[in-house]
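Novice: Here is a sequence with its predicted model. Questions after.
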Amino acid sequence: MLDASGEGKAAKGPKLQPERRTPTAHNPVANQPTNFDPESTRLLEELRERASHFFLEQADPSTGLVYDRARADGSATLRTQPLASIAATGFGLSALSIAISHGYLPEDQCAQRIMLTLQVAANKIPHKNGFLPHYLNARTFEVLSPQEFSSIDTSLFLAGALHAARGMNSARADALVKKIYDRVDWRWMTNHEETLTMGWEPGRGFQTVRWNSYSECLLMYLLAIGSSTHPIPASSWDAVTRNTYDFGGIRFISSFGALFIHQYPHIWLDLRSTRDHYANYFQNSIAAMRAHKTWCMLQHGRFDWVDERIWGFSASDNPRGSYSAWGAPPVVGDWDGTLSPHAAAGGLVLLPEECIVALKTFRTLYPRSWERYGFVNAFNPGSPDGGWYDPDIISIDLGLGMLMVENLLTGSVWAACRQIPELARSMKAVGFIPA
């Protein structure tokens, strides 16, 4: 048994200058060898195992839908109305598949939960032209605020479903996933333009904001272009703006978003040894991680707990009781020194040795950051009364770290997803070639 917008003030350090995209807008940064000591390996394995328990325990047992967040100590979910996240449910499908492969949880229990979740998604959850709601009641399926049918959240669910089905060896699972994927009308979600909109809302129609700049949307576009039923043209891939930034000589494609935009593309996609005519996106994300760590270290004068071993933030809870989507670099918002363990966990495949040092240091120096399911969502050592430690876990952040641990240690998520024909087809269509 188990026992966690808008540009802000300019920071000191190298000046960040945007440049327009070009086909060579990328400067690969060499990765590090992964010669982990036994202590590091044990921590990674424990992170993976603890997270697997979260995705079984913190989901509605009658539907399989994963709660958006829960208490880090496992004591309770946070609402009398059980708020489920469709993206978190996709992470949960992958997590349960991983749990089976390592024997963390009973195989029959996980397999039944995966099948239940797929059946619910295929036959009971409301959808709009195949697109699933961002948030919904985990028991009644009522669509909850902001009442959007989300293109990116549907994509994250699909990725988890496709991955889990690869490991099920079940014609029934394959048929359910095919039903869910094939009904998604990607062309409709473009609303007659080149790029996908972020979603559709009852009574309001399409959201005006589009997925038209570099972000976690890479996976979504590949799913859309590779669709067997309602594909969008491969030219949509080129309609996404890829601006290049320079931070202290580190050049990388980015946008004004939190660090996770550079991590999400590598959860299910193995982009290590391939590139399109813009970049090797794996090396690009390494550069973004390197720039992020460098920026953090330059903040030591503001926050003395931040140094070479203690760094990393992303979209997370904060000590004020709200949620912040800080980014840097480029700088978004005025960071208050809050640390997000999932920023390091989500970068494990990119800067493995540096990220494991950060995670080990968090656990050693800040033991209150470690709870039943692993690290809390965020903590701030500089807050009054001995620091602030988030009482919550946010499901998608925990899932990000768990899947990156699995890719680092075994590569099994990548290996399974390389066999998904829709992704292979779309990667070829947009021009990926061996790097």
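Specialist: Okay, I see it.
Novice: any idea how far Val184 is from Asn129?
Specialist: Going from Val184 to Asn129 by CB to CB, to the nearest Å gives 7 Å. For every residue, glycine as well, the C-beta is placed using N, CA and C.
Novice: Please say which of these two ends up with more neighbours.
Specialist: With neighbours defined as other CB atoms under 10 Å, Val184 and Asn129 compare such that Val184 has more, 23 against 14.
Novice: Show me which positions of stretch 321-339 end up buried.
Specialist: 324, 326-333, 335-339 (16 or more other CB atoms under 10 Å).
Novice: Out of the residues you listed, which is nearest to Ala288?
Specialist: Pro329 (8.5 Å; CB to CB).
Novice: so which helix or strand takes in Thr364?
Specialist: Assessed by DSSP states H and E, Thr364 sits inside helix 352-365.
Novice: neighbouring contacts of that helix?
Specialist: 31-36, 39-40, 43-44, 47, 293, 309-312, 339, 341, 344-345, 347-348, 369-370, 375, 408 (CB atoms under 8 Å, 6 or more residues apart in numbering).
Novice: can you give me the mean pLDDT across it?
Specialist: Averaged over helix 352-365, pLDDT sits at 98.
Novice: same question, stretch 222-229
Specialist: The average pLDDT for stretch 222-229 rounds to 99.
Novice: what does stretch 302-320 give?
Specialist: The predicted model assigns stretch 302-320 a mean pLDDT of 98.
Novice: swap in stretch 250-262?
Specialist: pLDDT averaged over stretch 250-262 gives 97.
Novice: Measure how buried Tyr366 is and give me the count.
Specialist: Tyr366: 20 neighbours (other CB under 10 Å).
Novice: Please apply the same query to His134.
Specialist: 25.
Novice: Next up, the contacts around it.
Specialist: 85-87, 146, 148-150, 153, 199.
Novice: Check the gap between the residue lying closest to it once chain neighbours are set aside and Leu118 for me.
Specialist: Once flanking residues are discounted, His134 sits nearest to Ser150: 4.2 Å by CB to CB, 6 or more residues apart in numbering. Per CB to CB, Ser150 is found 19 Å from Leu118.
Novice: Could you do Asn284 as well?
Specialist: Note on Asn284: its distance to Leu118, by CB to CB, is 33 Å.
Novice: now Leu47
Specialist: Plainly put, Leu47 is 26 Å away from Leu118 if you go by CB to CB.
Novice: still on that earlier bit, go ahead and confirm the residue nearest to His134 touches Gly90.
Specialist: No. Using CB atoms under 8 Å, Ser150 makes no contact with Gly90, being 11.6 Å away.
Novice: How far does the lengthiest helix in the chain sit from its chain's centre?
Specialist: Counting by DSSP state H, the longest helix found in the chain is helix 38-57. Distance, stretch centre to chain centre, for helix 38-57: 17 Å (CA atoms, centre = their mean, to the nearest Å).
Novice: What is it packed up against?
Specialist: Under the contact criterion of 3 or more CB pairs under 8 Å, 6 or more residues apart in numbering; DSSP states H and E, helix 38-57 touches helix 86-102, helix 107-123, helix 352-365, strand 374-375, helix 395-409.
Novice: nearest to Arg210, of these?
Specialist: Nearest of the helices and strands packed on helix 38-57 to Arg210, taken as CB to CB: helix 86-102 at 18.8 Å.
Novice: Please name every helix or strand in contact with that closest one.
Specialist: When contacts are defined as 3+ CB pairs under 8 Å, 6+ apart, helix 86-102 packs onto helix 38-57, helix 107-123, helix 151-168, helix 395-409, helix 412-417.
Novice: Output the second one as CSV, nothing but the C-alphas.
Specialist: Extracted C-alpha coordinates of helix 107-123, given in CSV (Å, rounded to 0.1, in the frame of the first residue of the first chain):
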residue,chain,number,x,y,z
GLU,A,107,-3.9,-6.8,-14.7
ASP,A,108,-7.6,-7.8,-14.8
GLN,A,109,-8.6,-4.7,-12.8
CYS,A,110,-6.7,-2.3,-15.1
ALA,A,111,-7.9,-4.0,-18.2
GLN,A,112,-11.5,-3.8,-17.1
ARG,A,113,-11.1,-0.1,-16.2
ILE,A,114,-9.6,0.6,-19.6
MET,A,115,-12.4,-1.2,-21.4
LEU,A,116,-15.0,0.6,-19.2
THR,A,117,-13.5,4.0,-20.0
LEU,A,118,-13.4,3.3,-23.7
GLN,A,119,-17.0,2.1,-23.7
VAL,A,120,-18.1,5.2,-21.8
ALA,A,121,-16.2,7.5,-24.2
ALA,A,122,-17.6,5.8,-27.3
ASN,A,123,-21.2,5.5,-26.2
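Novice: So for it, what gets flagged as buried?
Specialist: Of the residues in helix 107-123, 110-111, 113-118, 120-122 count as buried by neighbour count, 16+ other CB under 10 Å.
Novice: From the centre of this structure, give me the residue that's furthest out.
Specialist: Asp385 (31.9 Å; CA atoms, centre = their mean).
Novice: That one and Ser75: what is the separation?
Specialist: Here Asp385 is placed at a distance of 21 Å from Ser75 (CB to CB).
Novice: re the thing from before, what's the following helix or strand after the longest helix of the chain?
Specialist: strand 69-71.
Novice: helices or strands up against that following strand?
Specialist: strand 392-394.
Novice: partner strands of the strand it packs on, parallel or antiparallel?
Specialist: strand 69-71 (antiparallel) (DSSP bridges).
Novice: Work out which residue lies at the spatial centre of this protein.
Specialist: Per CA atoms, centre = their mean, the C-alpha nearest to the average position across the chain is that of Tyr264, at 4.1 Å.
Novice: Per-residue pLDDT of the residue nearest to Leu351 when sequence neighbours are not counted, please?
Specialist: Distances taken as CB to CB, 6+ apart place Met289 nearest to Leu351, at 5.0 Å, with adjacent residues excluded. Listed pLDDT for Met289 reads 98.
Novice: same thing with Ser75?
Specialist: pLDDT, Ser75: 88.
Novice: That one sits in which helix or strand?
Specialist: For Ser75, there is no enclosing helix or strand under DSSP H and E.
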